[in-house]
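>>> Using only what follows, build the 3D model:
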Amino acid sequence: MKNQSDDFKPGFLKVLSLMRRKERVRSPIWKWILAHYYPRHRLLDGPSFFESLVFNVTGHAPQNSLAHYLTEIANCDPLRDAYRNTLGDIPDRRITNPALTGFYYALIRETRPSCIVETGTSIGSNTALLLSALAANDMGEVISIDIPSRAGTLTMDSTLPLEAIGALIPAEFRGRWRYLAGDAKVLLPRVLIENDVDIFIHDSLHTRTHMSFEYSVARALMRPNTVIATDDAMWNSAWLEFVHTHRLVSLSCNRNPNLCATVNSFDAFEVSQGLGVQT
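Sure, this is the predicted structure:
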């Protein structure tokens with residue numbers, strides 16, 4: 001018998017795509033649609049988002065609160081200096097946003113990943129946060145895959161020269177960073193095969209086809225209990241279709257539903273047949 005609670009309502013994806021701009025994602029209508037028509041998506045407050053994802057990865061509650069890590073990152077001098085030297089005076093929330101950068105920092109501090117892969121680096125505002133958390137853990141590396149942006153192409157509205165990629169990353173953290181220039185369609189499978197990746201973050205080309213590709217490759221080539229995360233999830237239907245197809249549970253923060261994450265898992269049959277690359 002069909003499980004009605006797991007029914008997929010593809011018609012509402014048209015509504016979601018029309019509401020993808022950030023000034024609209026906080027509206028009550030948006031939250032109602034996610035809650036009632038996408039049962040595999042959980043819209044949580046900031047602390048619950050963080051605590052739920054950590055529990056799903058580690059099997060236990062976080063050792064420290066989200067607020068604890070937001071205070072920690074606010075006191076990271078290399079990070080604050082790099083931001084100020086590059087961007088000038090900035091508000092603290094640019095670094096400590098619990099629904100974006102602060103969340104990633106806290107997640108990394110708790111789960112202690114050895115390898116993080118991200119697509120879409122730009123000047124490195126998010127990358128610097130990832131690296132600062134790894135530095136605090138005294139372990140791990142970030143591998144970034146990106147093509148320098150050109151205005152008017154690949155959904156970009158500005159041009160960024162190659163030498164500006166990762167400009168925000170403090171010198172103290174660069175030893176943990178590898179940048180690969182190129183298309184994720186070529187590089188991402190290779191990187192995921194060659195490295196035991198704990199966290200994958202999509203923030204590159206936001207088209208339905210490309211996002212679906214990156215999510216699917218990450219799922220196929222990452223082991224169970226790893227994290228697949230995405231920014232701008234609500235630009236189109238790709239993320240919600242991905243978690244529905246693979247019967248995963250998607251989590252996001254009600255302050256920023258565009259940031260979503262799931263923990264990779266497989267049913268018993270898939271596990272019995274073998275995961276990853278077979279030889």
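
>>> CA only for contacts and neighbour counts going forward, please
OK.

>>> how about Asp146, phi and psi?
phi -160, psi 150 (degrees, to the nearest 10).

>>> make that Ser252, sorry
Dihedral angles for Ser252 - degrees, to the nearest 10 - are phi -150, psi 170.

>>> Please tell me how far it sits from Ile145.
For Ser252, the distance to Ile145 equals 24 Å [C-alpha to C-alpha, to the nearest Å].

>>> host element of the most centrally placed residue in the chain?
In the chain, the centroid-proximal residue (C-alpha atoms, centre = their mean) is Ala229; its distance is 3.1 Å. Assigned by DSSP states H and E, Ala229 falls within strand 227-230.

>>> Would you mark the buried spots in the helix or strand just after that strand?
Following strand 227-230 in sequence order, the next helix or strand is helix 238-245 (DSSP H and E). By neighbour count on 16 or more other C-alpha atoms under 10 Å, the buried set for helix 238-245 is Ala238, Trp239, Leu240, Glu241, Phe242, Val243, His244.

>>> What's opposite the residue nearest to the centre of the chain in the beta bridge?
Per DSSP bridges, the residues bridged to Ala229 are Ile201, Ala261.

>>> Surely it touches Pro257?
No - under the criterion of C-alpha atoms under 8 Å, Ala229 is not in contact with Pro257, lying 12.0 Å apart.

>>> what separates Ser144 from Ser272, distance-wise?
Taken as C-alpha to C-alpha, the span from Ser144 to Ser272 is 32 Å.

>>> meant to ask about Asp138, not that
For Asp138, the distance to Ser272 - C-alpha to C-alpha - is 36 Å.

>>> for Arg80, same thing?
Arg80 is 48 Å from Ser272, where distance means C-alpha to C-alpha.

>>> which one of those two has more residues nearby?
Applying other C-alpha atoms under 10 Å to Arg80 and Ser272 shows that Arg80 carries more neighbours, namely 19 against 9.

>>> tell me the secondary structure for the more buried one?
When classified by DSSP: H, G, I helix; E, B strand; the rest coil, Arg80 comes out as helix.

>>> Over to the one 3 residues further on?
Classification of Tyr83 into helix, strand or coil gives helix, according to three-state DSSP.

>>> What score does it have for pLDDT?
Predicted confidence (pLDDT) at Tyr83: the value is 78.

>>> Against Gly166, how distant is it?
Noted for Tyr83: a distance of 11 Å to Gly166, by C-alpha to C-alpha.

>>> ok, now Arg178?
Arg178 is 10 Å from Gly166, by C-alpha to C-alpha.

>>> Then Met222?
For Met222, the distance to Gly166 (C-alpha to C-alpha) stands at 25 Å.

>>> go on, Ala82?
11 Å.

>>> Pull the distance from stretch 249-257 to the chain's centre.
Stretch 249-257 has its average C-alpha position 11 Å from the chain's average C-alpha position, going by C-alpha atoms, centre = their mean, to the nearest Å.

>>> okay, now Pro189: neighbour count?
Using other C-alpha under 10 Å: Pro189 sits among 15 other residues.

>>> Show me what the host helix or strand of Leu107 is packed against.
Applying DSSP H and E as the criterion places Leu107 in helix 101-111. Packing partners of helix 101-111 (3 or more C-alpha pairs under 8 Å, 6 or more residues apart in numbering; DSSP states H and E): helix 46-58, helix 66-74, helix 93-96, helix 125-137.
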